[in-house]
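Student: Fold the stuff below for me.
(one chain, ligands or ions: 3)
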Amino acid sequence: MIAKVIVDVPSRATDRPFDYTIPAGLIGWVEIGSRVGVPFGGRVLQGFVIGLADYADVDVSKLKPIAELLDHVPPLSPDLVELAQWISEKYFCALTTALQVMIPAALKGKADSVVTISEEEQDYSWLHAGEGDAPWLAFIRASGGPVRMAALQERFPDDAAAIKQAIKLGILTEQVSIKDRLSVRKVLTVYPPDNEALAQEALANYSARAAKQQEVLRYMLENREPITMSALVETLSTTSGTIRAVADKGLITLREVETQRDPYAGRNFKRTEPLPLTEGQQAVYEEIAEALDAEASRVFLLHGVTGSGKTEVYLQTIERCLQYERQAIVLVPEIALTPQMVERFKGRFGDSVAVLHSRLSNGERYDEWRKIREGRAQVAVGARSAVFAPFQRVGLIIIDEEHESSYKQEESPKYHARDVAVRRARQHGAAVVLGSATPSLESFAAASRILSAASAFSVSDDSAKSSGGAALLPMPHRVGNRPMPKVHLIDMRDELKAGNRSMFSRQLHEALLDRLEKGEQSVLLLNRRGYSTFVMCRSCGYTAQCPHCDISLTFHQKSRVMRCHYCGHAEQAPEKCPTCESEHIRFFGTGTQRVEEELAKLFPGIRVIRMDVDTTTEKGSHEKWLTMFGERKADVLLGTQMVAKGLDFPYVTLVGVIAADTSLHLPDFRAAEKTFQLLTQVAGRAGRHELLGEVIVQTYNPEHYAIVSAQHHDYAAFVQEELKHRRFMSYPPFCRLIVVTLSDEQLTLLITAGDKLASTLRQLAYESGVKGWIDSDGSRFIDILGPVASPIPRMKDRYRFQCMIKYRGNVGAIDLLKQAISMISGPQGQPPVQISVDVDPQVIL
Ligand SMILES: Nc1ncnc2c1ncn2[C@@H]1O[C@H](COP(=O)(O)OP(=O)(O)OP(=O)(O)O)[C@@H](O)[C@H]1O
Ligand SMILES: [Zn+2]
Ligand SMILES: [Zn+2]
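Tutor: Ligands and ions are numbered 1, 2, ... in the order given. Predicted coordinates:
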């Protein structure tokens, strides 16, 4: 038996399966998806088995055997392995990178080996020039057991040759192991007395001085249940010492017990019953149910206005899916994955919900993952990577707020969860529901067939073949026909003319005052993307820059340290301007701090909760603030993007947007779309229940279509206008993009490589006959732009250039790029400079 193994070295040269024999003892254990340790170039590496074969392409006697099987149950199933292959091709990354992203970090043990002295008694002084043992050998002897190679390497860096020689000569025996960094969590648990009579007797005979111990024993006799040490300590307000003393007498038993870390343990979720659906919800539900009944892999775009009750539709379609004994995956943006959100799913499906998100510790994540794989969970709720939840039979994948750019992973593999979901659904015959009040233009165009099926963008591209594109399911009304909140635009230029220099317009000021008087709540949004704080001198304009990257340093209030969030460089914030010595060096905060100060000044006694990067770094803080606000312990919830998403509080009747335009002028072709989405989302937080809602948007661009259409809750008008711009500028959804970033420390090398890549690409495109608009309807074209300096022209001391490929239709752009890169690479496939590829980029840096 031969196993085809992908080793965990993400380089082009190793990005192919290598053959290994399966030792007799492992045959039958090694499967597709198994994680193994294999000898590779003198080391042992971790790898995944992606195929099994009876014969090898090469001489079997030359093959090495698999060294170790790392898990008895393969962490990946064959369908996930296939999905990884698809990802590596579509997103231009090494297959191992795609495989690794699918397993929890806790499983990523590092290959390591230990050595022992083969014959302890032997005299090995001949190994070196000196007397007795060589220092490294003495070290191994002294340790009296196996010594990690890594430790030897570290301690005796110059003796590598000698140590390796000793292994070759058989003086040292090497054993290879790849250990999981994670051990299952154990909890010290107290067990009730085995011998009751003895315990009763002891209880009666306890001396008065040991009253505390007596209390412990009495408790354990009365409650004949195991209890964790910490719980018992708390219940009896005693100490672990006291409990141990009782155990030492043999009256009760202490045992380490393996536990599942359930981050939501101990929290009671109120069970909810399905609500009778509104007419709008019912119609949508039936469409999706039909696909579930037929096990048809269909894609739906659920376009429901804020407050239209999308969540209830999700819940009831999940229920239907579970009836068929198939599982459901719900993706929500990381930022919206609040306990309130989780509660909605746990409340309906209880313990069969597993939650996966980045705030969990590695161990917690691993436990939730195991819960899914072992079939103890049927519903997975999580951020982006939950799309890889190891379910056997996926029936439904829901992507809430599908327009969110956080569904795209910014590091390799640079996959988009929406596209991966569509692909995975196709493998399983599952339905995909993309939900949003403000669908991305790509998804909307796909679903409403604005573009022909041949047009090239993600959703239609994949589903078109199997199901004829996505289906649009509109829910244009709020539950109970509650009106959409009225949105007022305030032209801040008029405020200035009227002599108001405050950041609050007169209207917003009045409205806030009114809510304070009525005891209603307000949400205030400060629209700032890249919500960083930076340091600037007011006298000379100096700004603190990272010495390694062309980017401003971010100021951290608490530690007064300035940090670069690309390379990690950190330095103390200066007291004086380093260029002009002026003391007028200022820290420009997220702005939320300034708003908070101003609120306190204008409305004495106002209770404000501020939510931004500074106040939500601590684990659980996000939740704490939202709970406080929900309990009406604050009048105003002030924050960045975080306050715009998914919140549902009945007493919020006012939403204020301090500056609507800050995201409008970013150098990003999606700037208008992002602004429209943000305004619509935040406006949707008002008046969702009995009380009517009002929204006040302050802007310097009251005529901009993104702002005007948000004012009128008019998605259609926005889309129409935006599509015009996209078509004119030739941007998605009218084409697809690939951004190729080249980087190097040497500028000249970089320029040469960039020019070479672009010209090679142009030549290849020309030869393949797709340069320019070649079809009469323009359905096929490719255009290569650049090289130009990247928006961040230097990062980590490396200069950066980019080429952009715009293409449409089936032009094999990825293949052309692959070919071009290999043509400019050296004989071993090494590129002249570092090249990174982003397919369907969301953020272009
Ligand atoms: N069928 C129903 N009957 C009564 N109330 C409902 C029904 N469906 C949903 N609701 C309620 O309507 C409110 C809005 O629903 P939900 O939060 O699901 O809206 P949404 O479409 O997800 O909005 P957003 O996009 O703003 O998050 C919630 O308070 C929810 O409990
Ligand atoms: Zn200065
Ligand atoms: Zn930096």
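Student: who's in contact with the closest residue to Pro274 other than its chain neighbours?
Tutor: Among residues not flanking Pro274 along the chain, Gln316 sits closest, at 5.6 Å (CB to CB, 6 or more residues apart in numbering). Quick note: C-beta positions are derived from backbone N, CA and C, even for glycine. Neighbouring residues of Gln316 by CB atoms under 8 Å, 6 or more residues apart in numbering: Pro274, Leu277, Tyr285.
Student: Filter those down to the buried ones, PyMOL style.
Tutor: Buried residues among the contacts of Gln316 (16 or more other CB atoms under 10 Å), as a PyMOL selection:
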select buried, resi 277+285
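Student: Make TSV from the contacts of Gln316 and add pLDDT to it.
Tutor: As requested, the contacts of Gln316 are exported to TSV (pLDDT from 0 to 100):
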residue	pLDDT
Pro274	93
Leu277	96
Tyr285	97
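Student: any idea how far the residue nearest to Pro274 lies from ligand 3?
Tutor: 48 Å (CB to the ion, to the nearest Å).
Student: Can you tell me the SS state at that residue?
Tutor: helix (DSSP: H, G, I helix; E, B strand; the rest coil).
Student: From ligand 2, how far out is Val381?
Tutor: 50 Å.
Student: If we ignore the residues flanking it in sequence, what's nearest that residue?
Tutor: Closest to Val381 by CB to CB, 6+ apart is Val330, at 4.6 Å.
Student: Surely that neighbour is within a helix?
Tutor: No - the assignment for Val330 is strand, going by three-state DSSP, so no helix is present there.
Student: can you tell me the residue of the stretch 101-250 of the chain closest to ligand 3?
Tutor: Among the residues of the stretch 101-250 of the chain, Ala105 lies closest to ligand 3, at 24.7 Å counting by CB to the ion.
Student: wait, what's in contact with that residue?
Tutor: Asn362, Arg365 are the contacts of Ala105 under CB under 8 Å, 6+ apart.
Student: i'd like the first residue to be 195 from this point on
Tutor: Yep, numbering from 195; the last one is Ala299 now.
Student: can you pull out the strands in the stretch 395-544 of the chain?
Tutor: For the stretch 395-544 of the chain, applying DSSP state E, counting those that start in this stretch gives strands covering 421-422, 447-452, 493-498, 521-525.
Student: re the thing from before, of the contacts of Gln510, which belong to helices?
Tutor: Among the contacts of Gln510, the ones falling in helices (DSSP state H) are Tyr479.
Student: which parts of stretch 873-889 are buried?
Tutor: Those would be 873-883, 885, 887-889, for stretch 873-889 by 16+ other CB under 10 Å.
Student: quick revisit: so which of the strands of the stretch 395-544 of the chain comes closest to ligand 1?
Tutor: strand 493-498 (4.8 Å; CB to the nearest ligand atom).
Student: so how far is the closest one off the chain centroid?
Tutor: Remark: strand 493-498 is offset 23 Å from the chain centroid, using CA atoms, centre = their mean, to the nearest Å.
Student: now do stretch 523-532
Tutor: 9 Å.
Student: re the thing from before, check the strands of the stretch 395-544 of the chain for me: which has the lowest mean pLDDT.
Tutor: Ranked by mean pLDDT, the strands of the stretch 395-544 of the chain end with strand 447-452 at the bottom, a mean of 80.
Student: just checking, what packs against that one?
Tutor: With contacts taken as 3 or more CB pairs under 8 Å, 6 or more residues apart in numbering; DSSP states H and E, strand 447-452 sits against strand 380-385, helix 434-442.
Student: Phi and psi next, for Thr290.
Tutor: Thr290 has phi and psi values of phi -60, psi -30 when expressed as degrees, to the nearest 10.
Student: cool, and Thr310?
Tutor: Taking degrees, to the nearest 10 as the convention, Thr310 sits at phi -130, psi 160.
Student: and it, what does it touch?
Tutor: Residues counted as contacts of Thr310 (CB under 8 Å, 6+ apart) are Ile334, Gly339, Pro340, Val341, Leu366, Thr367, Gln369.
Student: residue ranges with poor pLDDT in the stretch 645-794 of the chain?
Tutor: By pLDDT under 70, the low-scoring segments of the stretch 645-794 of the chain are 645-662, 722-727, 751-752, 782-784.
Student: If we use 90, what do you get?
Tutor: Applying pLDDT under 90 to the stretch 645-794 of the chain flags residues 645-664, 674-677, 679, 686-687, 689-691, 693-697, 720-792.
Student: Would you check that Asp273 makes contact with Ala624?
Tutor: No - counting by CB atoms under 8 Å, Asp273 stays clear of Ala624, with 11.2 Å between them.
Student: State which helix of this structure is the longest.
Tutor: With DSSP H as the criterion, the chain gives helix 941-962 as its longest helix.
Student: Near ligand 1, which residues of this structure are found?
Tutor: 469-472, 475, 498, 500-506, 631, 673, 840, 842, 878, 882 (CB under 6 Å from any ligand atom).
Student: please redo it, this time with the cut-off set to 8 Å
Tutor: Within reach of ligand 1 by CB under 8 Å from any ligand atom, the chain has these residues: 469-472, 475, 498-507, 594-595, 629-631, 669, 672-674, 839-840, 842, 844, 875, 878-879, 882-883.
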